[in-house]
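K.L.:
A predicted structure for the sequence below; I have some questions about it.
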Amino acid sequence: MNNVFKFDINRITFDENYHPSEGTRLTTNFANLARGESRKENLSNALEMINNRFNALADWDNPQGNRFSVELEIVSVDMDINHPESGEKFPAIEILKTSIVDHKTNKRIEGLAGNNFSSYVRDYDFSVLLLDHNKGRSEFSVPDNFGDLHGKLFQSFIHSEAYQAQFEKPPVICLSVSDSKTYYRTDNQHPVLGFEYTPNESSLTEQYFKKMGMEVRYFMPPKSVAPLAFYFFGDLLNDYSNLELIGTISTMETFQKIYRPEIYNANAAAGQHYKPNLKNRDHSLTQIVYDREERGQLAVKQGHFTEESFIKPYGDLLEKWADQYAL
């Protein structure tokens with residue numbers, strides 16, 4: 001059953017001229033920026049923020065702070081289902097791939113895949129399945145086997161010939177910290193990732209990504225104001241170069257400043273004990289326009305799209321595949 005799915009990978013440059021494709025989740029960070037009257041200004045400002053942050057972190061042999069620039073590609077993964085009734089490919093996953101241009105040596109350095117992470121099945125799990133499961137319940141609970149299918153689909157992709165042929169290293173996915181947890185700063189300090197933080201308890205997101213085969217560590221990079229969550233395979237601190245890690249930090253911290261300014265563009269930095277607060281009024285806004293309320297509404301619509309076009313039509317096949325799936 002491991003050969004039920006075939007993964008097709010397509011790449012699109014993320015720059016000022018980017019327009020979301022039909023299969024792109026519109027709640028995805030990069031897609032949300034590229035809509036509306038301010039789309040071109042949004043994209044230009046976001047890319048400038050990424051480059052400035054990269055050069056601020058990669059400041060050695062970089063006296064003018066303009067040695068490097070970051071190029072981004074959107075990696076779209078379509079899943080071709082080997083099923084008699086399947087006539088279309090399902091837009092399974094989208095991630096970002098960074099490349100670093102060194103203008104001093106005129107070299108292009110491969111960055112990391114992952115960064116942002118977009119998944120229709122995750123929308124279904126969190127915005128449909130989880131909500132339906134908790135309707136009418138007095139206490140929050142999680143359905144049995146929550147995230148199992150998504151985790152196995154993701155691991156199947158990472159271990160597929162399609163992924164291995166295009167990417168040298170496993171992905172690193174960088175997300176926001178949870179506003180329901182408290183994070184404690186440790187004495188462990190990395191030159192690029194900064195001080196490590198540990199949470200007071202595991203979150204549902206951590207458990208969900210664990211089923212994807214990924215571990216998590218929390219670090220607050222130099223001159224940042226809040227820790228970021230880094231999900232990874234293997235050894236985060238030793239498997240990746242400083243420039244690779246800086247590419248991820250500069251990209252994802254920029255998106256978080258735009259979408260969660262209360263946390264990542266706060267005017268006061270996290271201390272020894274840190275509890276993120278999405279109602280924090282002491283923060284600054286970027287010069288980028290977006291609609292946070294619309295993003296929440298679209299997540300539900302995208303979850304129902306997944307239910308109708310993927311979960312329901314192929315439910316029996318997906319269940320059998322997941323039961324037999326092994327790496």
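P.N.:
Yep, it's here.
K.L.:
so where's the stretch 1-150 of the chain uncertain?
P.N.:
1-3, 21-32, 34-36, 83-87 (pLDDT under 70).
K.L.:
As a check, name the ranges of all helices in it.
P.N.:
For the stretch 1-150 of the chain, the helices defined by DSSP state H, counting those that start in this stretch cover 29-33, 39-57, 120-124, 130-134, 148-158.
K.L.:
Hmm, residue 7 and residue 76 touching each other?
P.N.:
No. Contact between residue 76 and residue 7 fails when scored by Cβ atoms under 8 Å: they sit 10.6 Å apart. C-betas here are computed from N, CA, C, even on glycine.
K.L.:
related to what we said a few turns ago, could you dump the helices of the stretch 1-150 of the chain into TSV and include mean neighbour count and distance to residue 274?
P.N.:
Compiled in TSV, the helices of the stretch 1-150 of the chain are given as follows (neighbours: other Cβ atoms under 10 Å; distance: least, Cβ to Cβ, whole Å):
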stretch	mean neighbour count	distance to residue 274
helix 29-33	23	23
helix 39-57	19	20
helix 120-124	24	26
helix 130-134	14	26
helix 148-158	20	29
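K.L.:
Show me the one of those helices that comes nearest residue 243.
P.N.:
Set against residue 243 and scored by Cβ to Cβ, those come closest in helix 39-57, at 8.7 Å.
K.L.:
helices or strands up against the closest one?
P.N.:
helix 29-33, strand 68-81, helix 242-259 (3 or more Cβ pairs under 8 Å, 6 or more residues apart in numbering; DSSP states H and E).
K.L.:
now the strands: where do they sit in the stretch 151-300 of the chain?
P.N.:
Taking DSSP state E, counting those that start in this stretch as the test, the strands found in the stretch 151-300 of the chain are 172-175, 183-190, 194-199, 215-220, 228-232, 273-274.
K.L.:
So which residues make contact with the second one?
P.N.:
Meaning strand 183-190. The contact list for strand 183-190 (Cβ atoms under 8 Å, 6 or more residues apart in numbering) reads 177, 195-200, 218-220, 227, 237, 270-276.
K.L.:
And the residues you listed, which of them are buried?
P.N.:
177, 195-197, 199, 218-220, 227, 270, 274, 276 (16 or more other Cβ atoms under 10 Å).
K.L.:
and of these, the nearest to residue 144?
P.N.:
residue 199 (24.7 Å).
K.L.:
For that closest one, which residues are in contact?
P.N.:
Counted by Cβ under 8 Å, 6+ apart, residue 199 has contacts 177-178, 181-184, 206, 218.
K.L.:
Please report how far it lies from residue 64.
P.N.:
Using Cβ to Cβ, to the nearest Å, residue 199 is found at 39 Å from residue 64.
K.L.:
again, but for residue 301
P.N.:
46 Å.
K.L.:
ok so, going back, now pLDDT too, for the buried ones among the contacts of strand 183-190, in JSON lines please.
P.N.:
Output for these, formatted as JSON lines (pLDDT from 0 to 100):
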{"residue": "177", "pLDDT": "96"}
{"residue": "195", "pLDDT": "98"}
{"residue": "196", "pLDDT": "98"}
{"residue": "197", "pLDDT": "98"}
{"residue": "199", "pLDDT": "97"}
{"residue": "218", "pLDDT": "98"}
{"residue": "219", "pLDDT": "98"}
{"residue": "220", "pLDDT": "98"}
{"residue": "227", "pLDDT": "98"}
{"residue": "270", "pLDDT": "97"}
{"residue": "274", "pLDDT": "98"}
{"residue": "276", "pLDDT": "97"}
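K.L.:
Tabulate the CA atom coordinates of stretch 280-292 in PDB.
P.N.:
The C-alpha coordinates for stretch 280-292 follow below in PDB (Å, rounded to 0.1, in the frame of the first residue of the first chain):
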ATOM      1  CA  ASN A 280      -0.600  42.800  24.100                       C
ATOM      2  CA  ARG A 281      -1.100  46.500  23.100                       C
ATOM      3  CA  ASP A 282       2.500  47.500  23.500                       C
ATOM      4  CA  HIS A 283       3.600  46.500  20.000                       C
ATOM      5  CA  SER A 284       4.400  48.100  16.600                       C
ATOM      6  CA  LEU A 285       2.700  47.400  13.300                       C
ATOM      7  CA  THR A 286       4.600  46.700  10.000                       C
ATOM      8  CA  GLN A 287       3.700  48.700   6.800                       C
ATOM      9  CA  ILE A 288       2.000  45.600   5.500                       C
ATOM     10  CA  VAL A 289      -1.800  45.100   5.100                       C
ATOM     11  CA  TYR A 290      -3.600  41.800   5.800                       C
ATOM     12  CA  ASP A 291      -6.900  40.600   7.100                       C
ATOM     13  CA  ARG A 292      -6.600  38.400  10.100                       C
END
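K.L.:
Noted, bye for now.
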